[in-house]
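> need a structure here:
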Amino acid sequence: MTHSRVCEDKRMKRMQLLNTRTLARKLGLSAAWLKAEANAGEVPCLKVGRRLLFNAAAVEQILLGRAAGSAGPEWRLDHVR
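Residues are numbered from 1 along each chain as shown. As a prediction, this is how the structure comes out:
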């Protein structure tokens, strides 16, 4: 396996998209809470039809930042919605 292929595989694992229920279960959160946070623009998600898909690593990093008191609006992409 080439170096570029290994790097690509690592990126794909980090960027795995999960649905609301799966991510909520993984993080020990309520699916309803996660959906409300996404709809309010507090955590990033990708809307595909009626489904919400999340980058698990990104959401976890944001929640950890919030817990540490350092989460800011710099990740927000309100213009993309």
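> how about the strands in the chain?
Along the chain, the stretches classed as strands by DSSP state E are 17-19, 46-48, 51-55.
> which of these sits most buried?
By mean neighbour count, with neighbours taken as mean count of other C-beta atoms under 10 Å, strand 51-55 ranks first of the strands of the chain at a mean of 18. C-beta here means a position set from N, CA and C on the backbone, and glycine is covered the same way.
> hmm, back to that, with distance to Gly28 and mean pLDDT added, can I get the strands of the chain in TSV?
Listed next are these as TSV, based on distance: least, C-beta to C-beta, whole Å; pLDDT from 0 to 100:
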stretch	distance to Gly28	mean pLDDT
strand 17-19	14	96
strand 46-48	22	95
strand 51-55	15	96
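> Just send these back as JSON lines, with distance to Ala68 too.
As requested, these are exported to JSON lines (distance: least, C-beta to C-beta, whole Å):
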{"stretch": "strand 17-19", "distance to Ala68": "23"}
{"stretch": "strand 46-48", "distance to Ala68": "25"}
{"stretch": "strand 51-55", "distance to Ala68": "19"}
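> Of all the ones you listed, which one is nearest Lys26?
Shortest distance between Lys26 and the strands of the chain, using C-beta to C-beta, is found for strand 17-19: 6.9 Å.
> which residues are in contact with that closest one?
Outside of strand 17-19, the residues within contact range by C-beta atoms under 8 Å, 6 or more residues apart in numbering are Lys26, Leu46, Arg51, Leu52, Leu53, Phe54, Asn55, Ala56.
> quick revisit: of all the strands of the chain, which one comes closest to Gly65?
Nearest of the strands of the chain to Gly65, taken as C-beta to C-beta: strand 51-55 at 14.6 Å.
> For the closest one, which strands pair with it and how are they oriented?
Its sheet considered, strand 51-55 pairs with strand 17-19 (antiparallel), strand 46-48 (antiparallel) by DSSP bridges.
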